[in-house]
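> What follows is a predicted structure for the sequence shown.
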Amino acid sequence: MQNHFINLFEYNDWANEQIFLTLVKVENPPEKILELLGHIILSQENWLGRVRGNYDNVFWKVLSLKELQQRSKKSTSDWLDLLNNPVENNLEKEYQYRNTKGIEAVSKLKDIITHLINHSTYHRAQINLLLRQNSFEPVQTDYIFYKRKLVSR
């Protein structure tokens, strides 16, 4: 099961990178796009922080494209390190944390990861909608395109 979640994080990283590669070609990306992309990356960081016990619950912030790309790579690397670490990668382990409303919650690692990947996909779809609404071509970030790309190598 670890390999499944590692694959999902690698896909997630690839999909985010497709967005970054498109946005560097856009002279002035709409701020809402940067805000959504920031939300994806900050969510990855905060959920990892919740698992490791050091988080700030800041999920919305507009950051530069360059900073977002750097933080995305680091966050993915940190998640992959966790999944490859036998001390940390117990998918059934439950983690207690406070949500953004300050309410105590408990979630299993496998559920946190599943949420995080789905969450990122949802917001990338919003980014694609905004790209189209601003006369830019949406980015192919579907999982099947990622898998096809791997097979064609």
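Noted; the coordinates are in hand.
> CA atoms of the worst-scoring helix or strand of the chain on mean pLDDT as PDB?
Counting by mean pLDDT, DSSP states H and E, the chain has its least confident helix or strand at helix 143-151, which shows a mean of 89. Provided in PDB are the C-alpha atoms of helix 143-151 (Å, rounded to 0.1, in the frame of the first residue of the first chain):
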ATOM      1  CA  TYR A 143      -3.700  10.900 -13.700                       C
ATOM      2  CA  ILE A 144      -4.100   8.800 -16.800                       C
ATOM      3  CA  PHE A 145      -1.900  11.300 -18.800                       C
ATOM      4  CA  TYR A 146       0.800  10.900 -16.100                       C
ATOM      5  CA  LYS A 147       0.600   7.100 -16.400                       C
ATOM      6  CA  ARG A 148       0.700   7.200 -20.200                       C
ATOM      7  CA  LYS A 149       3.700   9.500 -20.100                       C
ATOM      8  CA  LEU A 150       5.500   7.000 -17.800                       C
ATOM      9  CA  VAL A 151       4.700   4.100 -20.100                       C
END
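> quick one, the longest helix seen in the chain and helix 143-151 angle?
What stands out as the longest helix in the chain, according to DSSP state H, is helix 109-133. Orientation check (axes from the mean of the first three to the mean of the last three C-alpha atoms, to 10 degrees): helix 109-133 against helix 143-151 gives 100 degrees.
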